[in-house]
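Participant: Mind looking at a prediction? Sequence and model below.
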Amino acid sequence: MVSRARLPIGMFDSGLGGLTVARAVIDLLPHEDLIYFADSARCPYGPRSRREVRRFALQIMDLLVAEGVKMLVIACNAASSAALAEARHRYDVPVISVIEPGARAAVAATRNRRIGVIGTRLTIDSGSYEDAVAATRANVSLFSAACPAFVDFVERGDTASDELIAVAEDYLAPLKRAGIDTLILGCTHYPLLSGVIRYVMGEDVVLISSAEATANEVFVKLKHDGMLTPYTGAATHRFISSGSEDMFSELGRRFLGPEFTKVEERPWDLG
Ligand code: DGL
């Protein structure tokens, strides 16, 4: 029987965004095997209802658990907002979300105690960042803005066009006016737009990508539970997509780097 520590980490997102988290996890834990599921056929999640996204997220986590994983990482803010609490009840493996680590990192970084958060409509409307920041008990103000079009730009591979900059200026203007000094990228696609977001916000605003903070949480949890893989050579990284392989492969390589291997297509009945 395979020892549990040798099982892969299961991770998912609606599409490419969670690769920012995968990158950070691979950097910290290069010996860990990984299964990454991209629900490309049903991306984006942001405009959907919480109920629907919760159903999708549980369906994917059921699949990952059936594959045999030692930990689940919800590398998607929208899915974390919709399904985290239920997932922690439903599975007997630890479930890590991107929201709590990102909120804690922002609270630690702010100097003027004015924090911004941007995300998809679902994440912003869910108030999950308000809850996560409140849980830190820090005396800070949180200003939020939904940026619904950003995910589509990333999924098209557009991370720097004039059209994107114009959209970003529009979305981010209220946060600039609010005088924030720290901005949480509350969608795992957004670190791929860091260039544009920094260009619009200015260099004095600290951008918080939850990818590194989440990877750190994965490290600490596996270490604490005695579940780090003993080093035995190169790790295996699997990529599964519910959509077509073509687009995901091309952009996957660009966004993740050399660890990106071939994509297994796993279409399902989208009912
Ligand atoms: N990357 C996801 C997130 O962190 C969702 C993007 C989407 O599908 O709308 O929220």
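Facilitator: Sure, I can see it. Residues are numbered from 1 along each chain as shown.
Participant: Check which helices and strands the helix or strand of the chain with the lowest mean pLDDT sits against.
Facilitator: Scoring the helices and strands of the chain by mean pLDDT, DSSP states H and E places helix 245-256 at the bottom, with a mean of 84. Applying 3 or more C-beta pairs under 8 Å, 6 or more residues apart in numbering; DSSP states H and E, we find helix 245-256 packed against helix 19-28, strand 237-241, strand 263-265. Quick note: C-beta positions are derived from backbone N, CA and C, even for glycine.
Participant: let's see it at 7 Å
Facilitator: helix 19-28, strand 263-265 (3 or more C-beta pairs under 7 Å, 6 or more residues apart in numbering; DSSP states H and E).
Participant: What lies in contact with the first one?
Facilitator: The contact list for helix 19-28, computed with C-beta atoms under 7 Å, 6 or more residues apart in numbering, reads 9, 11, 34, 36, 73, 75, 98, 188, 191-192, 209, 211-212, 214-216, 218-219, 252, 255-257, 259.
Participant: Pull the least confident helix or strand of the chain out as CSV, backbone CA atoms only.
Facilitator: C-alpha atoms of helix 245-256 as CSV (Å, rounded to 0.1, in the frame of the first residue of the first chain):
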residue,chain,number,x,y,z
GLU,A,245,-6.6,20.5,-24.5
ASP,A,246,-5.3,23.0,-27.1
MET,A,247,-5.8,26.4,-25.5
PHE,A,248,-5.0,25.1,-22.0
SER,A,249,-1.7,23.6,-23.1
GLU,A,250,-0.5,26.7,-24.9
LEU,A,251,-1.2,29.1,-22.1
GLY,A,252,-0.5,26.6,-19.4
ARG,A,253,3.1,26.4,-20.5
ARG,A,254,3.4,30.1,-20.7
PHE,A,255,1.9,30.7,-17.2
LEU,A,256,3.3,27.7,-15.3
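Participant: and Asp269, what pLDDT?
Facilitator: pLDDT, Asp269: 61.
Participant: do the same with Gly195
Facilitator: Looking at Gly195, the pLDDT reads 97.
Participant: Use 716 as the first number for this chain going forward.
Facilitator: Noted, 716 is the first residue going forward, which turns the last one into Gly910.
Participant: Tell me how many other residues surround it.
Facilitator: 12 (other C-beta atoms under 10 Å).
Participant: Tell me where the model's unsure across this protein.
Facilitator: Within the chain, the stretches with pLDDT under 70 are 716-717, 984-986.
Participant: Which helix runs longest in it?
Facilitator: helix 765-782 (DSSP state H).
Participant: on contacts alone, who are the packing partners of that one?
Facilitator: Using 3+ C-beta pairs under 7 Å, 6+ apart, helix 765-782 is in contact with strand 724-728, strand 749-753, strand 786-789, helix 792-805, helix 836-841.
Participant: cutoff 6 Å now
Facilitator: helix 792-805 (3 or more C-beta pairs under 6 Å, 6 or more residues apart in numbering; DSSP states H and E).
Participant: ok, back up a step: return the set of buried residues in the longest helix of the chain.
Facilitator: By neighbour count on 16 or more other C-beta atoms under 10 Å, the buried set for helix 765-782 is Arg765, Val768, Arg769, Phe771, Ala772, Leu773, Ile775, Met776, Leu778, Leu779, Val780.
Participant: Pick out the most distant pair among those.
Facilitator: Taking C-beta to C-beta as the measure, the buried residues of helix 765-782 span a maximum distance of 21.5 Å, between Arg765 and Val780.
Participant: Quick one: name the residues of this protein near the ligand.
Facilitator: For the chain, the residues in contact with the ligand (C-beta under 6 Å from any ligand atom) are 728-730, 732, 758-761, 791-793, 835, 838, 866, 902-904.
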